[in-house]
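S.K.: Everything below, folded, please.
(one chain, ligands or ions: 1)
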Amino acid sequence: MSQPSIQLTDVAVRIPIWSAPANRSLKQAALRFTTGGRLLAGDSGRFEVAALDGVSLDLQPGTRLGLCGHNGAGKTTLLRVLAGILKPTSGTAAIEGDTAVLIKPSMGLSPELTGREFIRLQSLMAGISPKDVEQKIDSIVDFSELGDFIDLPVRTYSAGMQTRLSFSVVTAYPTDIVLLDEGLGTGDESFQKKARDRMDRWLNNAAIIVLASHSDALIRSMCHSAVYLEKGRIVREEIFN
Ligand SMILES: Nc1ncnc2c1ncn2[C@@H]1O[C@H](COP(=O)(O)OP(=O)(O)OP(=O)(O)O)[C@@H](O)[C@H]1O
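M.R.: Okay, here's the model as predicted:
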């Protein structure tokens, strides 16, 4: 089997904004934007956001990469491309290996599923066999500390409870590539402590880690290098000593 790796070549992501025709007043307003991707007049006569532009990355086993940048610089969009959730508009993304994503707030929770159903679904989607899921499910439920709520629909959960649930299931299985948005963010203090330990063990098993964060300190403590995004482009790279 090939080694885990990520290779992005000249990746661009453009997102059309359907509700905003590219008229002059909006264009003038857009020019005053100081954060976010560049706004362009697309072929359809609508505005498009250039969320990523000309991004190339070659990540090999051992990589611990930080993604830095202001609000709207393109960090989450890049994580989505790395996770295979979002296809580039142009350029290529070649990703080898199993990938797990921890994006805050918890993504894609179908509101009517119970917590237990969500664990099963997420596990199966991660490629775990039904037998292995059944063996693991009790320990995931225990770790989440959701008690009787585990059999209620996730729409009844607070944001913190949803994050706990996602965290508990995602970190239950080892994976080659870990993609993180804003580090931990897993609820209250007592849960944070035990989440930290579980996270450390989980990360130690990963060949490649990419962490998007506004915290320079967090990136420096967890990563070996970082790229700085500005309006969807990588403007600087730094290797930490
Ligand atoms: N669904 C969407 N529709 C339109 N524009 C979008 C959408 N998602 C992201 N964008 C735009 O893409 C650009 C990059 O956004 P992204 O979420 O990747 O930034 P970010 O660096 O993660 O920001 P933050 O630090 O605020 O989370 C921004 O200009 C944003 O407005």
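S.K.: Assign a three-state SS to Gly127, would you?
M.R.: Under DSSP: H, G, I helix; E, B strand; the rest coil, Gly127 falls in the coil class.
S.K.: May I ask you to confirm that it is in contact with Asp98?
M.R.: Yes. Using CB atoms under 8 Å, Gly127 is in contact with Asp98, at 6.8 Å. In this view, the C-beta of every residue, glycine as well, is placed from N, C-alpha and C.
S.K.: Have a look at these two and say which one is more surrounded.
M.R.: Asp98 (16 against 10; other CB atoms under 10 Å).
S.K.: Near the ligand, which residues of this structure are found?
M.R.: 15, 17, 36-37, 49, 51, 69, 71-77 (CB under 6 Å from any ligand atom).
S.K.: which of those sit farthest apart?
M.R.: The distance between the two most remote of the residues of the chain next to the ligand (CB to CB) is 20.6 Å, for Ile17 and Gly69.
S.K.: Please pull out the lowest mean pLDDT helix or strand from the protein.
M.R.: Every helix and strand of the chain was ranked by mean pLDDT, DSSP states H and E. The lowest is helix 24-31, at a mean of 55.
S.K.: Show the subsequent helix or strand relative to it.
M.R.: strand 38-41 (DSSP states H and E).
S.K.: coming back round to it: lowest-confidence member of the residues of the chain next to the ligand, which is it?
M.R.: The lowest pLDDT within these belongs to Gly36, which sits at 67.
S.K.: who's in contact with the residue nearest the centre of the chain?
M.R.: Central residue of the chain (CA atoms, centre = their mean): Ile103, 4.1 Å from the mean position. Counting by CB atoms under 8 Å, 6 or more residues apart in numbering, Ile103 touches Thr76, Leu79, Leu179, Leu180, Asp181.
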